[in-house]
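Chemist: give me a model of this one.
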Amino acid sequence: MKLKGRTIFPGLASGIALVTTRGISFYGGVDPESGRIVEKDHELFGQYITGKILVFPTGKGSTVGSYTLYQLKFLGKAPIAIVNSECETITAVGCIISEIPCMDMIDIKQIKTGDLIYINTDHNEIEVNPINDG
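Modeler: Residues are numbered from 1 along each chain as shown. Okay, the predicted model is just below:
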């Protein structure tokens, strides 16, 4: 399945989706040294975003979150790419300064954790290959 969206930061990427229906605060919600979600009441608590395509509705929290994304990238703990329903300024700036491919205006309800995602910002689309349930 192909989903059209808007490019926030360009790039090609492929990887396994890690999906949440809740917003993510990178500052205080993600440990930049491990890439682990540390926000205690978050549905992804304890999971690692490193090497995943992180799919979430929108960011939240402090503008320091942009720098936290940069720190994650610098330490090799960042997601491969980010897909949002609506990318707000904190996530957008973080992706731009960290050079993490990012798209928004995507119907993220169509994506499940474990799906294989291909991002092609040249065409403003992502391809979702669902996990095999059989």
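Chemist: hey, C-alpha coordinates of the lengthiest strand in the chain in PDB?
Modeler: The longest strand of the chain (DSSP state E) is strand 12-19. C-alpha atoms of strand 12-19 as PDB (Å, rounded to 0.1, in the frame of the first residue of the first chain):
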ATOM      1  CA  LEU A  12      15.200   7.600   1.100                       C
ATOM      2  CA  ALA A  13      14.800   5.100   3.900                       C
ATOM      3  CA  SER A  14      13.500   1.600   4.600                       C
ATOM      4  CA  GLY A  15      13.000  -0.200   7.900                       C
ATOM      5  CA  ILE A  16      10.700  -1.700  10.400                       C
ATOM      6  CA  ALA A  17       7.900   0.600  11.800                       C
ATOM      7  CA  LEU A  18       7.600   1.300  15.500                       C
ATOM      8  CA  VAL A  19       4.100   2.900  15.900                       C
END
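Chemist: list the strands paired with that strand, with their directions.
Modeler: strand 53-56 (parallel), strand 116-120 (antiparallel) (DSSP bridges).
Chemist: can you pull the buried residues of the longest one?
Modeler: This points to strand 116-120. 117-120 (16 or more other Cβ atoms under 10 Å). (Glycine included, C-beta is placed from N, CA and C.)
Chemist: thinking again about what came up before, to residue 35, which of the strands paired with strand 12-19 lies closest?
Modeler: Of all the strands paired with strand 12-19, strand 53-56 sits nearest to residue 35, with 10.0 Å by Cβ to Cβ.
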